[in-house]
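A.B. asks: Kindly generate the corresponding structure for this input.
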Amino acid sequence: MTNPFLRRATEYIRDDSAFLAIVSPEPLRTFVARHPKRDALFDMPVRVIGTPGSGKTMMATLIEFRLVEAILRDQASESNRVLASALAAAGLVDDGKPVVAAVRLPMESEYRDFWELPYDVGVRTKLVLSLIQARAVLGLIRNLTANKRRNVDGIQFVARDDADAQLVQVGGSSALSVRQRAREVERAIYSVGAGLLPPPVEAIPEAARDPYQPLEVIREVLINWEGAPLSLKPLIILDDAHTLHPDQFEALFRALTKREIRIGRWMMMRMDALSPSTVFQSSEDEALPGLKRDRDYLDIVMQTQGQRSGDRRQFRRMATDMADKYLKLVPSLRERNYTQFSSLLSSEPPRLSDGQLQELRRSLDSEQRRLKISPQRRRAVEELVEEYVKGAKSRDIETDVQLAMTRILLNRYAVRVANMTPALFETEDLEPKTPLKADAGVADGARLFLHQKHGRPLHYGLDDLCDASNENAELFLQLAGGLVARMETRAIRNQDPALAPPLQQQALNAKAVEIIDAWSFPFARKVRALTDRLALQCKQISMQPNAPLGAGANAFGVLEQEMAGLLNGENELALVLKYAVAYGAISAVRDYGQGGKNWCLLELTGPVCLRHGLTLKRGGFVESRVDELSAMIEGDGAL
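C.D. replies: Numbers count the residues shown, from 1 in each chain. As a prediction, the model looks like this:
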């Protein structure tokens with residue numbers, strides 16, 4: 001059987017019960033339930049924006065009415081109760097009843113082909129808009145009848161108070177007549193786009209030319225729910241709207257922002273369809289001239305920008321739940337009663353061999369002599385490390401880490417006293433003005449040093465796997481899939497499938513290289529060159545003997561003023577950065593305050609950090625300028 005971690009479940013699983021068994025409700029909780037304007041998400045047009053694999057399609061599928069009804073009808077399942085709670089938090093369910101009837105329309109089919117037809121822009125836009133509306137109505141009716149609890153004649157469409165005349169052109173209020181009219185429109189428009197030769201404008205079928213605007217007419221839908229009438233607000237979800245032609249998307253987006261439309265309409269799209277300024281979430285950016293965000297439309301950006309430590313903790317919970325569910329789909333592990341993914345990833349701290357420890361001790365002695373540090377000072381430093389070890393929460397503080405911490409503190413001492421002049425009768429063993437301190441940052445710097453110089457695993461355990469995924473579900477599954485492949489191999493050979501830290505590090509590095517080498521998006525070569533050069537400089541500053549950034553750097557910081565100027569211009573670098581963010585090569589953090597300045601951080605994402613052996617901890621960055629970044633993307637991309 002194909003490794004389930006290495007394929008997109010949303011794309012391949014057709015059975016609703018199988019989908020519900022593995023789906024996670026966290027995207028709903030994170031991006032919908034906590035949206036500052038949640039109550040308006042089902043009234044105004046909404047752009048749902050995210051990188052590939054951020055969970056857009058999964059979320060859109062989960063909230064379709066047929067699945068919402070299936071979840072609410074089967075509350076005996078613990079998984080369904082959790083999903084129902086998330087649906088209620090997101091405003092899709094109230095008091096155990098649905099309040100929204102959502103339908104998802106994939107936009108990957110022939111919609112873009114209509115933009116190539118030899119008609120005026122207005123005609124092409126009307127054809128596509130009518131086709132989308134017809135299919136939305138048909139999809140809505142299918143969703144309402146999918147669970148066999150009601151027939152088409154048990155559905156009634158309710159028009160806006162001032163739209164009685166328009167109600168006639170969509171087929172009336174009866175679902176049977178509305179469905180019949182929608183089918184006529186769909187067949188007529190499809191015959192225009194699918195024909196070998198498009199007909200002249202005057203020969204377009206009448207059903208395609210007549211007025212047809214159900215989105216402007218319909219206000220709600222009435223159904224029977226447990227013997228009582230229930231009013232539902234329709235929600236039309238256009239999935240993968242970025243596949244449309246840019247001009248076509250603009251025309252469609254403007255049409256959907258009409259204030260006469262009283263039902264929900266979401267457009268799920270990737271970031272690469274947006275401007276660099278929008279991708280970087282500039283506060284002054286707007287989608288189109290004349291349209292103002294939060295007044296004419298809303299955005300749900302599936303990229304964390306707030307309390308990022310909280311985002312990581314939340315994603316860890318989601319990923320753990322998802323991994324445990326996917327683990328049940330791996331026969332070789334399920335048959336051996338492995339049900340918790342974390343139990344297969346050893347978090348036991350790795351240790352250097354005796355020979356490596358001896359080498360580390362010799363190098364530390366050599367460092368002490370080079371820095372001309374007295375035995376008394378070294379002993380004082382070692383006592384600081386020992387004191388830290390007594391109260392440290394981390395278990396990864398064995399002898400090798402302690403020796404590396406001592407090395408860092410000796411170098412910090414040398415830096416702090418380098419320019420101090422001893423008093424007339426004072427010994428050379430000076431006391432620095434800023435006392436030395438052994439803390440978690442020094443310990444992290446020690447682990448990074450041991451990884452880079454001695455090959456000691458740095459990335460292992462479920463938490464590191466989650467953090468390397470940058471809150472992206474698909475990236476998590478890809479990285480986890482590399483680990484599961486090795487687990488399966490060991491299980492088939494009757495070995496313990498649990499992976500020790502060295503095996504985890506090898507598998508994650510190999511998968512990270514595979515992911516980066518597979519980048520094929522626009523400007524991928526330049527993005528690869530940029531991230532390689534960023535990583536190289538981050539590694540250089542992280543490996544300085546005194547570990548000035550503690551855990552090390554994995555980001556570049558550019559002053560906000562400079563970045564704003566870049567994003568508002570026509571520089572190629574802006575496009576390169578846009579695609580780097582859109583496809584998960586870097587993450588952009590705006591208005592990061594440090595040193596009395598505001599920075600835009602360009603953080604290297606998990607795969608890049610894994611490939612180059614950088615820390616996954618956030619906050620450490622190298623100061624840079626736009627012209628330096630521009631120089632990094634010049635040439636053929638080779639280092």
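A.B. asks: part of a strand, is residue 290?
C.D. replies: No. Residue 290 sits outside any strand when classified using DSSP: H, G, I helix; E, B strand; the rest coil, being coil.
A.B. asks: Tally up the residues packed near it, please.
C.D. replies: If you count neighbours by other Cβ atoms under 10 Å, residue 290 ends up with 9. For glycine as for every other residue, the C-beta is placed from the backbone atoms N, C-alpha and C.
A.B. asks: before we move on, what about the one 3 residues further on?
C.D. replies: Number of residues near residue 293 (other Cβ under 10 Å) recorded here: 15.
A.B. asks: Tell me how far the helix or strand harbouring residue 85 lies from the chain's centre.
C.D. replies: Assessed by DSSP states H and E, residue 85 sits inside helix 78-89. Centroid separation for helix 78-89 versus its chain: 22 Å, with Cα atoms, centre = their mean, to the nearest Å.
A.B. asks: try stretch 344-357
C.D. replies: Its chain's C-alpha centre and that of stretch 344-357 lie 32 Å apart, by Cα atoms, centre = their mean.
A.B. asks: tell me the contacts of the closest residue to residue 175 other than its chain neighbours?
C.D. replies: Of all residues not flanking residue 175 in the chain, residue 155 sits nearest, at 3.7 Å (Cβ to Cβ, 6 or more residues apart in numbering). Residue 155 makes contact with 141, 144, 145, 175, 221, 222, 223 under the criterion Cβ atoms under 8 Å, 6 or more residues apart in numbering.
A.B. asks: pLDDT at residue 155, what is it?
C.D. replies: Here, the pLDDT recorded for residue 155 equals 94.
A.B. asks: Could you do residue 121 as well?
C.D. replies: At residue 121, pLDDT is 92.
A.B. asks: ok, it touching residue 252?
C.D. replies: No. Taking contacts as Cβ atoms under 8 Å, residue 121 lies outside contact range of residue 252: 11.6 Å.
A.B. asks: Counting neighbours, go ahead and name the busier of those two.
C.D. replies: Under the criterion of other Cβ under 10 Å, the comparison of residue 121 against residue 252 puts residue 252 first, with 21 against 11.
A.B. asks: returning to that earlier point: so how far is residue 231 from the residue nearest to residue 175?
C.D. replies: Distance, residue 155 to residue 231, using Cβ to Cβ, to the nearest Å: 12 Å.
A.B. asks: any common contacting residues for those two?
C.D. replies: Shared contacts of residue 155 and residue 231 (Cβ under 8 Å, 6+ apart): 221, 222.
A.B. asks: which residues of the stretch 301-450 of the chain score low on pLDDT?
C.D. replies: Across the stretch 301-450 of the chain, the ranges flagged by pLDDT under 70 are 303-310, 421-428.
A.B. asks: so where do the helices sit in it?
C.D. replies: Secondary structure of the stretch 301-450 of the chain (DSSP state H, counting those that start in this stretch): helices at 308-327, 331-334, 354-371, 375-391, 399-417, 440-454.
A.B. asks: Make TSV from those and add distance to residue 111 to it.
C.D. replies: Supplementary listing: these in TSV, determined by distance: least, Cβ to Cβ, whole Å:
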stretch	distance to residue 111
helix 308-327	31
helix 331-334	40
helix 354-371	60
helix 375-391	61
helix 399-417	57
helix 440-454	49
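A.B. asks: how about the ones you listed in JSON lines, adding distance to residue 297 and mean neighbour count?
C.D. replies: Shown next, in JSON lines, are these (distance: least, Cβ to Cβ, whole Å; neighbours: other Cβ atoms under 10 Å):
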{"stretch": "helix 308-327", "distance to residue 297": "24", "mean neighbour count": "18"}
{"stretch": "helix 331-334", "distance to residue 297": "45", "mean neighbour count": "15"}
{"stretch": "helix 354-371", "distance to residue 297": "58", "mean neighbour count": "14"}
{"stretch": "helix 375-391", "distance to residue 297": "52", "mean neighbour count": "15"}
{"stretch": "helix 399-417", "distance to residue 297": "51", "mean neighbour count": "21"}
{"stretch": "helix 440-454", "distance to residue 297": "43", "mean neighbour count": "22"}
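A.B. asks: what's the closest of those to residue 520?
C.D. replies: Minimum separation from residue 520 across these (Cβ to Cβ) falls at helix 308-327, 25.8 Å.
A.B. asks: looking at the chain, which helix or strand does the model trust least?
C.D. replies: In the chain, no helix or strand scores lower on mean pLDDT, DSSP states H and E than helix 9-12, which sits at a mean of 54.
A.B. asks: Following element in sequence after that one, please.
C.D. replies: By DSSP H and E, the next helix or strand past helix 9-12 is helix 16-22.
A.B. asks: Show me what that next one is packed against.
C.D. replies: Counting by 3 or more Cβ pairs under 8 Å, 6 or more residues apart in numbering; DSSP states H and E, the packing neighbours recorded for helix 16-22 are helix 9-12, helix 65-73, helix 78-89, helix 308-327.
A.B. asks: So which residues lie in contact with the last one, not counting its own?
C.D. replies: By Cβ under 8 Å, 6+ apart, the residues outside helix 308-327 that reach it are 4-5, 9, 21-22, 24, 26, 29-30, 304, 333-334, 338-342, 462-463, 465-467, 469, 471, 473, 476-477, 480, 484, 589, 618.
A.B. asks: Pull out the buried members of those.
C.D. replies: Buried subset of the contacts of helix 308-327 (neighbour count, 16 or more other Cβ atoms under 10 Å): 4-5, 9, 21-22, 24, 26, 29-30, 304, 333, 338, 341, 462-463, 465-467, 469, 471, 473, 476-477, 480, 484, 589, 618.
A.B. asks: Which ones among these map onto helices?
C.D. replies: Among the buried ones among the contacts of helix 308-327, the residues falling in helices (DSSP state H) are 9, 21-22, 26, 333, 462-463, 465-467, 473, 476-477, 480, 484.
A.B. asks: so where's the stretch 1-150 of the chain uncertain?
C.D. replies: Looking at the stretch 1-150 of the chain by pLDDT under 70, you get 1-2, 7-14.
A.B. asks: For residue 604, see how far away residue 527 is.
C.D. replies: 11 Å.
A.B. asks: Overlap in contacts, the two.
C.D. replies: residue 585.
A.B. asks: Residues contacting stretch 379-397, please?
C.D. replies: Applying Cβ under 8 Å, 6+ apart, the external contacts of stretch 379-397 come out as 349, 402, 405-406, 409-410, 413, 436-440, 442-443, 447.
A.B. asks: and those residues, which two are the farthest apart?
C.D. replies: 349 and 413 (26.6 Å).
A.B. asks: so residue 458 touches residue 448, yeah?
C.D. replies: Yes. With contact defined as Cβ under 8 Å, residue 458 counts as touching residue 448 (6.5 Å).
A.B. asks: what do these two both touch?
C.D. replies: The contact sets of residue 458 and residue 448 overlap at 613, 615 (Cβ under 8 Å, 6+ apart).
A.B. asks: need the strands for the protein, in chain order.
C.D. replies: With DSSP state E as the criterion, the chain has strands at 45-50, 93-94, 97-98, 100-106, 156-159, 218-225, 228-239, 264-270, 298-301, 555-559, 586-594, 597-604, 621-624.
A.B. asks: Distance to residue 363 for those - can I get that in a markdown table?
C.D. replies: As requested, the strands of the chain are exported to a markdown table (distance: least, Cβ to Cβ, whole Å):
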| stretch | distance to residue 363 |
| --- | --- |
| strand 45-50 | 46 |
| strand 93-94 | 62 |
| strand 97-98 | 66 |
| strand 100-106 | 59 |
| strand 156-159 | 77 |
| strand 218-225 | 73 |
| strand 228-239 | 56 |
| strand 264-270 | 48 |
| strand 298-301 | 47 |
| strand 555-559 | 29 |
| strand 586-594 | 33 |
| strand 597-604 | 29 |
| strand 621-624 | 26 |
